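A.B. asks: coords please:
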Amino acid sequence: MQEIRHTPIAPTRTQRLASGGEIDAHRHDDHQIAYAGKGAIAVTTDAGTWIAPATRALWIPAGTVHRHQAHGELELHLVGLPATENPLGLDRPAVIAVSPLLRELVVAYTRDPDDDSPARLRLCAVMLDQLAVSAGQPLHLPAPADPLLRELHDILRADPADNRSLGELGRQIGAGSRTLSRRLRDDLGLTYPQWRTQIRLHHALILLADDMPVTAVAHRCGWSSASTFIDVFRRTFGHTPGARPTV
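C.D. replies: Numbers count the residues shown, from 1 in each chain. Below is the predicted model of the structure:
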């Protein structure tokens, strides 16, 4: 991703974006947390895309060139933290779990960013404590470096419901299934079914953020039934696709 602008201080604020709205590529000298109180937020870097619904937040380390994209009507809460303050101990982007308490802390902390009262400082300290115990979540869709895998990635992203086997897709791009399987393992550390499921889950989060019914999402993303989709979604995210946390 080409670096577009440098904003040294990562802002702390609440803002709203329409579905499909973007914040263009930029970087900060600070760390940043991006949380979607409503809708879903995607962050893209050279390493891939991370997406988070309202039960998750995105950790963006200092210096990372990234852009944001809204899925659904987005209520975005941004928290900037000095580069010396790293409660998660992470040096790369990640999706983290957001407990009900952490959700309330982030929303309250971003409500009035100009408030420098002792009460707000105490709120920040509790928020950092909660961040330190937040678990990482498997919501990263890695960007393949291999040219053949990029072709395959484009096909699957264009139509997540494409149920062709790896061999059938390989014939379209001029590669055998063994070659593609080996490159998937070497490049991404994934099998083809694992990678395809990640792509489908990412697309499902986007469609759910736009309030598409669960049954329609299952069909559009290639699951044989809504119950199968719900089971995969629950095992991955810890809740059903129809669940909506209150903020």
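A.B. asks: Pop out the phi and psi values for the residue lying closest to L102 once chain neighbours are set aside.
C.D. replies: In space, and not counting its chain neighbours, L102 is closest to Q130: 4.3 Å by Cβ to Cβ, 6 or more residues apart in numbering. Quick note: C-beta positions are derived from backbone N, CA and C, even for glycine. Phi and psi for Q130, reported as degrees, to the nearest 10, are phi -70, psi -40.
A.B. asks: what sits opposite the residue positioned nearest the centre of the chain in the beta ladder?
C.D. replies: Nearest to the geometric centre of the chain sits I51, at 1.5 Å (Cα atoms, centre = their mean). Per DSSP bridges, the residues bridged to I51 are A42.
A.B. asks: Let me see the contact set for it.
C.D. replies: Contact analysis of I51 by Cβ atoms under 8 Å, 6 or more residues apart in numbering lists A40, I41, A42, V43, H71, V95, L139, L141, H202, L205, I206.
A.B. asks: quick one: which of those sit in helices?
C.D. replies: Using DSSP state H, H202, L205, I206 are the members of the contacts of I51 that sit in helices.
A.B. asks: Could you pull out the helices in the chain for me?
C.D. replies: Under DSSP H, the chain gives helices at 100-111, 118-132, 147-158, 166-173, 177-188, 192-209, 214-220, 226-237.
A.B. asks: Point out the most buried one among those helices.
C.D. replies: Greatest average neighbour count among these goes to helix 192-209 (a mean of 20), per mean count of other Cβ atoms under 10 Å.
A.B. asks: what's in contact with that one?
C.D. replies: So helix 192-209 is contacted by 19, 39-40, 42, 49, 51, 53, 71-72, 138-141, 153, 156-157, 160, 166, 180-181, 184, 188, 190, 214, 216-218, 220-223, 229, 232-233, 236, 241 (Cβ under 8 Å, 6+ apart).
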